[in-house]
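1. need a structure here:
(chains A and B)
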Protein chains: 2
Amino acid sequence: MDAENFKQFASGMVDYITNYMENIRERRVLPTIEPGYLKPLLPSEAPRTPEKWEDIMSDVERVIMPGVTHWQSPKFHAYFPTAQSYPAIVADMLSGAIACVGFTWMASPACTELEVIMLDWLGQMLDLPKEFLACSGGKGGGVIQGTASEATLVALLGAKAKKIKEVKEQHPEWTDTEIIGKLVAYSSSQAHSSVERAGLFAGVKFRLLKVDSKSKLRGDTLAEAIREDREKGLIPFYVVITLGTTNSCAFDRLDELGPVANRESVWAHVDAAYAGSAFICPEFRYLMKGIETADSFNFNPHKWILVNFDCSAMWFKDPTFVINAFNVDPLYLKYEMQGSAPDYRHWQIPLGRRFRSLKLWFVLRIYGIENLQKHIRTHVALAHEFEALVLSDSRFEIVAEVVLGLVCFRLKGSNEINETLLKRINGAGNIHLVPSKINDVFFLRLAICSRISQSSDILYSWKEIKQRADEVLEENSVSK
Amino acid sequence: MDAENFKQFASGMVDYITNYMENIRERRVLPTIEPGYLKPLLPSEAPRTPEKWEDIMSDVERVIMPGVTHWQSPKFHAYFPTAQSYPAIVADMLSGAIACVGFTWMASPACTELEVIMLDWLGQMLDLPKEFLACSGGKGGGVIQGTASEATLVALLGAKAKKIKEVKEQHPEWTDTEIIGKLVAYSSSQAHSSVERAGLFAGVKFRLLKVDSKSKLRGDTLAEAIREDREKGLIPFYVVITLGTTNSCAFDRLDELGPVANRESVWAHVDAAYAGSAFICPEFRYLMKGIETADSFNFNPHKWILVNFDCSAMWFKDPTFVINAFNVDPLYLKYEMQGSAPDYRHWQIPLGRRFRSLKLWFVLRIYGIENLQKHIRTHVALAHEFEALVLSDSRFEIVAEVVLGLVCFRLKGSNEINETLLKRINGAGNIHLVPSKINDVFFLRLAICSRISQSSDILYSWKEIKQRADEVLEENSVSK
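-> Modelled structure (predicted):
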């Protein structure tokens, strides 16, 4: 494919993309196909000779779109938002053209240095304590991980290495295996599934602790668990504190948990994957009270501030333990001036890494802080609009405080009727929600997700939910 | 940024990208800046209000390019190639626009199903045994990982889970911790640094075994190591077999190692990160002799078949152990019809994943198998051209057989003089190489990397190397 052909192909794709986004409301948010739909639509083997780009373009609509769940539609309310924006797409084009792999500073200085600076910009936007920022001149600094799952795992591995070192100083006769067998990590029972998985990957015990009536993990609960485990001869080393749970957007009491962790020499990792973006607005920073006690902090710009996946921002007060824990340093990766700038390969699980900071840079500049704040505030306002609609209908109830852009609600009544309602809503496919369950109470989650969501969309979604509720309640009363 | 603005911005970027690639030879491959160059060029904080896309475009040349190591230049010979192509860039635009997160089939059926089919296409192109392919109707199948590092780790974790299960059946009284403490994995001493890191991440013993005079790990060596370790009461569970080492593109004897691993119930993972792409050419498939004995196989289309990073293809004969090992299944990720198509979140470390199979689809169709084979063959031919040039100068020697696109060479003489030569070459910055060392012999690696590399580029690189060698040898003789 030569330059001229590329220009045509890219131009055709840009038109397709703008058309897709401008008219996304007209598409059914959930596809109607069944598993295996794609196989009959494609050849069983790759072509031997080149095809035309025009044929690929027409296949996008013919074979791909029928199987797409439209995450960027205002009718998509599942999970949490996943960012998409025009400047991020353009930045990824540049990243794809340069196509460097920034594992060391030398491998592409711009890739490393822009990341350092963007993480400082972003940290300042959140008003993170200075100890987390590279520009403070201390040990701290930020890095882009692929996902919050990886951030949780990296912090866990750093904490594990740190604790093994500490214990060995006191008990030089213990083997690594003996120590690892005693290690225990904590999170709330409401933490994301990836938190428990991180424990499985690393082969350490992970205790999911009970939360209070508002689904928050409290300081006393952690302190008690640590006490119990120490009595059993175990070694507490790591706690994941969730700000904004996936189930209900609950906030663990960081201001209570951090001091306990600090006192007990337990690494405090804050997972604010979704909620962290909101901290660019001063009025939401009360939700990260106690942040100065954290050892590491993570949130996903790829969720809520319009930077396309993958861009998970993570900061350490002291990355030394992570860096040293997995520092395998072959000759082909060494270079002169090593050590004068971060080599991000030591900060992450994979070796390779794309030039992802370009996305942050483009988005922050094209929108400016004020427009990103406006984006957050709009979503939160829309969530409250939806909350008011739910409260206006006495058949429904709100099951968790609406703090940010997530509304947890249900029909008053049994789990079964709510399960039926959800099945009906997703079956109709006009809007898409996913459920959750706390203390055996099944409920529906409506997250405000799309960059283009507005009041009329919320009204549409509410009408759709009400109509399906009418049907379900009607059938239910008939069957009785 | 509205649709009209996006069209202008994207069009400006497309022009920039084609101009960058068409004139990349004119750029110095290595930047001249020092660590910290970028900070003074950028504001210390993110802008409060929007900036114009034109300002960003002009900053790309002003602040980014001075710090870029040009991986796509024909003058770049470091590491191994990292793919870049126009159709892959366009595919990533579409992936960015759809911006789905394909962790389950339901979250975007097209994302999952295209990946299944593309991995079948690719597996067929390599003539992988049917047991690895989903289209064979068995348990096998492929998945896109971010990097080979992750593939190595995922296979290790699957192998670990499988072995713990096996051992527990025989010794129900042993705890997981006891078993993990006895586990031991293997690779050659020439395996990639990420292999050793995978062992560190997972907290298991990893033995790097001696290789033969051609840097190949042999079956007897593995058999002997397993015997020794069993005598010590250890439990061998995993071996990484490298096809195409980073140091010298050496090939472990898969045909000897696989049968040993199978007999000893040790998971055989084949890491063909670079070399795997060559197997699309029948004449190179002799290098994967014994592939039918592997449990998992991995190579990086993002290295050598023009699919942009990140796209690391991995196949399992039986992914069950990986899937079950880390299956944490919260309600918000459940859906109807679960189990009828792969949920790729169980096949990888992160939860989230982009629509990466689009890149494979676009590249395979725009180039066709024949042009991708031609790309591989061109690179191999260029490597042999360079080899001939080296051999034509009696001051130099070739230190490893040239099999694919990597030439390992050195000045006859001390390590010091070769270190000086390399420093001189990279200091001049006209071409870029990285070194390696085997058995304490320091040498230079010249990898053919660029999509647009041609004979004249190889000649240019050779002239550059010869000139620097002239200087170094001249100075050396004077100083004596």
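
2. the longest helix along chain A: what's the following helix or strand?
-> Ordering each helix of chain A by length in residues (DSSP state H) puts helix A:357-391 first. With elements assigned by DSSP states H and E, the helix or strand that comes after helix A:357-391 is strand A:396-398.

3. now the residue nearest the centre of chain A: how far from B:Ile280?
-> Geometric centre of chain A, nearest residue: A:Ala273, 4.1 Å, by C-alpha atoms, centre = their mean. According to C-beta to C-beta, to the nearest Å, A:Ala273 and B:Ile280 sit 39 Å apart. In this view, the C-beta of every residue, glycine as well, is placed from N, C-alpha and C.

4. now swap in A:Cys100 and tell me
-> A:Cys100 is 25 Å from B:Ile280, by C-beta to C-beta.

5. ditto for A:Glu196
-> Taken as C-beta to C-beta, the span from A:Glu196 to B:Ile280 is 40 Å.

6. can you list the low-confidence ranges for chain A?
-> Along chain A, the parts satisfying pLDDT under 70 run over A:337-339, A:480.

7. so which elements touch the helix or strand hosting A:Val90?
-> According to DSSP H and E, A:Val90 maps onto helix A:86-98. Packed against helix A:86-98 by the contact rule (3 or more C-beta pairs under 8 Å, 6 or more residues apart in numbering or on different chains; DSSP states H and E) you find helix A:357-391, helix B:3-22, helix B:53-59, helix B:86-98.

8. could I get the ones you listed in CSV, plus columns for mean neighbour count and distance to B:Leu421?
-> Below are the helices and strands packed on helix A:86-98 laid out as CSV (neighbours: other C-beta atoms under 10 Å in any protein chain shown; distance: least, C-beta to C-beta, whole Å):
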stretch, mean neighbour count, distance to B:Leu421
helix A:357-391, 21, 34
helix B:3-22, 18, 30
helix B:53-59, 16, 37
helix B:86-98, 25, 35
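
9. quick check, A:Pro133 in contact with A:Gly140.
-> For residue A:133 the amino acid is Leu, not Pro. Yes - contact criterion C-beta atoms under 8 Å: A:Leu133 and A:Gly140 qualify, at 5.9 Å.

10. so which elements touch the longest helix of chain A?
-> Partner elements for helix A:357-391 (3+ C-beta pairs under 8 Å, 6+ apart): helix A:86-98, helix A:109-125, helix A:301-304, strand A:396-398, strand A:406-411, helix A:455-479, helix B:53-59.

11. cutoff 6 Å now
-> helix A:86-98, helix A:109-125, strand A:406-411, helix A:455-479 (3 or more C-beta pairs under 6 Å, 6 or more residues apart in numbering or on different chains; DSSP states H and E).

12. residues touching the closest residue to A:Trp121 other than its chain neighbours, list them.
-> What sits nearest to A:Trp121 in space, not counting adjacent residues and going by C-beta to C-beta, 6 or more residues apart in numbering or on different chains, is B:Ala46, at 4.2 Å. Shown in contact with B:Ala46 (C-beta atoms under 6 Å, 6 or more residues apart in numbering or on different chains): A:121, A:125, A:364, A:369.

13. again, only using 10 Å
-> A:117-118, A:120-122, A:124-125, A:280, A:360-361, A:363-365, A:367-369, A:372 (C-beta atoms under 10 Å, 6 or more residues apart in numbering or on different chains).

14. tell me the SS of it?
-> coil (DSSP: H, G, I helix; E, B strand; the rest coil).

15. picking up where we left off before, in a markdown table: the helices and strands packed on helix A:86-98, plus distance to B:Pro330.
-> Below are those laid out as a markdown table (distance: least, C-beta to C-beta, whole Å):
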| stretch | distance to B:Pro330 |
| --- | --- |
| helix A:357-391 | 22 |
| helix B:3-22 | 36 |
| helix B:53-59 | 40 |
| helix B:86-98 | 24 |
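
16. how about the residues of the stretch 351-480 of chain A by chain B?
-> A:351-355, A:357-373, A:423, A:426-427, A:432-438, A:442-443, A:445, A:451 (C-beta under 10 Å from any C-beta of the partner chain).

17. next, count neighbours for A:Lys168.
-> 14 (other C-beta atoms under 10 Å in any protein chain shown).

18. any idea which element it lies in?
-> Going by DSSP H and E, A:Lys168 is in helix A:148-170.

19. that helix vs chain B: in contact?
-> Yes - among the residues of helix A:148-170, A:148-151, A:153-154, A:157, A:160-161, A:164 lie within reach of chain B under C-beta under 10 Å from any C-beta.

20. any idea how far A:Met118 is from A:Ser312?
-> Applying C-beta to C-beta to A:Ser312 and A:Met118 gives a distance of 13 Å.

21. between those two, what contacts are shared?
-> Contacts common to A:Ser312 and A:Met118, judged by C-beta under 10 Å, 6+ apart, are A:144, A:301, A:356.

22. what about the first one, how many neighbours?
-> Burial of A:Ile144 is recorded as 28 neighbouring residues (other C-beta under 10 Å).

23. that one against A:Met118, yeah?
-> Yes - counting by C-beta atoms under 10 Å, A:Ile144 touches A:Met118, with 8.0 Å between them.
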